[in-house]
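A.B. asks: Provided below are the primary sequence and the corresponding predicted coordinates.
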Amino acid sequence: MKRIEIHPVNPQPRLIRQVAEQFQTGALVALPTDASYVLACHLEDRTAVDRMRQLRGIDEKHLLTLLCRDLSELSQYAQVDNRQFRFLKEWTPGAYTFILPATREVPRRLMHPSRKTVGLRVPEAPIVQALLAELGVPLLCASLILPGDENPLSDPDDIEDRIGKRIDLLVDGGAGQLEATSVIDVTGDEPVIQRVGLGPVEAMLR
């Protein structure tokens with residue numbers, strides 16, 4: 001496993017390019033976000049996706065999340081009407097994962113098999129935003145919660161100790177948050193909170 005330390009507020013462009021190259025060659029990466037660390041890989045890399053599911057101990061019914069730069073990119077991968085767009089505009093970027101109907105741009109194997117939905121996220125983290133800008137496409141991710149654990153891994157040294165042999169790269173942006181994102185289903189008439197995490201949700205239900 002390779003480990004690259006990147007400044008969490010002012011990520012160094014040279015190091016961002018190095019990480020982007022790793023994603024383009026099929027790497028499975030531990031990456032800091034504005035919530036907890038996540039496992040991430042290139043959207044099109046089937047082998048890396050399978051490794052991610054195996055490491056997390058999850059099947060195809062567990063939605064993975066697309067990390068998008070902004071709402072414009074998000075709307076390529078999700079069907080968003082005017083009401084949903086206004087809602088998303090109010091709550092992005094931030095520590096939220098939104099469940100929406102998937103478009104045809106999303107590979108079928110990444111959708112929920114019966115609901116045809118996908119998880120999407122517009123993070124605020126400078127490292128992730130710089131990577132997404134460099135790559136020009138979303139990254140696929142899952143919270144770094146290992147089987148049997150209640151909380152995500154948030155310390156780079158712990159991540160290296162526990163899964164260093166099973167990932168290709170650790171992006172060390174310092175200690176992460178101890179919580180994953182809040183998950184909100186916005187496929188219906190009203191938002192439904194599926195998981196309360198780091199992002200506050202009380203005002204969504206007003």
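C.D. replies: Structure received. Numbering: from 1, shown residues only.
A.B. asks: what ranges does the protein have for its helices?
C.D. replies: Along the chain, counting by DSSP state H, helices occupy 13-24, 46-56, 71-77, 82-91, 126-135, 156-163.
A.B. asks: could you dump those helices into CSV with distance to residue 141, mean pLDDT and mean neighbour count added?
C.D. replies: Bear in mind the C-beta positions are built from the backbone N, C-alpha and C, glycine included. Below are the helices of the chain laid out as CSV (distance: least, CB to CB, whole Å; pLDDT from 0 to 100; neighbours: other CB atoms under 10 Å):
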stretch, distance to residue 141, mean pLDDT, mean neighbour count
helix 13-24, 11, 97, 16
helix 46-56, 8, 94, 17
helix 71-77, 13, 92, 17
helix 82-91, 18, 93, 14
helix 126-135, 9, 97, 20
helix 156-163, 14, 97, 16
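A.B. asks: show me where pLDDT drops low in the protein?
C.D. replies: Within the chain, the segments meeting pLDDT under 70 span 206.
A.B. asks: centroid residue for it?
C.D. replies: In the chain, the centroid-proximal residue (CA atoms, centre = their mean) is residue 141; its distance is 3.9 Å.
A.B. asks: turn the helices of the chain into TSV, including distance to residue 170.
C.D. replies: TSV is the format used below for the helices of the chain (distance: least, CB to CB, whole Å):
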stretch	distance to residue 170
helix 13-24	10
helix 46-56	13
helix 71-77	26
helix 82-91	29
helix 126-135	12
helix 156-163	6
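A.B. asks: which one of the ones you listed lies closest to residue 200?
C.D. replies: Nearest to residue 200 among the helices of the chain is helix 82-91; the distance by CB to CB comes to 9.8 Å.
A.B. asks: how near is the residue nearest to the centre of the chain to residue 42?
C.D. replies: Using CB to CB, to the nearest Å, residue 141 is found at 11 Å from residue 42.
A.B. asks: how about residue 101?
C.D. replies: Residue 101 sits 23 Å away from residue 42 when distances are taken as CB to CB.
A.B. asks: the two: which has the busier surroundings?
C.D. replies: Legend: neighbour count by other CB atoms under 10 Å for residue 101 and residue 42, higher for residue 42 (22 against 18).
A.B. asks: how about the contacts made by the more buried one?
C.D. replies: 23, 24, 26, 48, 135, 137, 139, 140 (CB atoms under 8 Å, 6 or more residues apart in numbering).
A.B. asks: if we use 6 Å, what do you get?
C.D. replies: Shown in contact with residue 42 (CB atoms under 6 Å, 6 or more residues apart in numbering): residue 23.
A.B. asks: one more: residue 196?
C.D. replies: residue 182.
A.B. asks: returning to what we had before: can you tell me which of the helices of the chain comes nearest to residue 1?
C.D. replies: Closest approach to residue 1 among the helices of the chain is made by helix 156-163 (6.9 Å; CB to CB).
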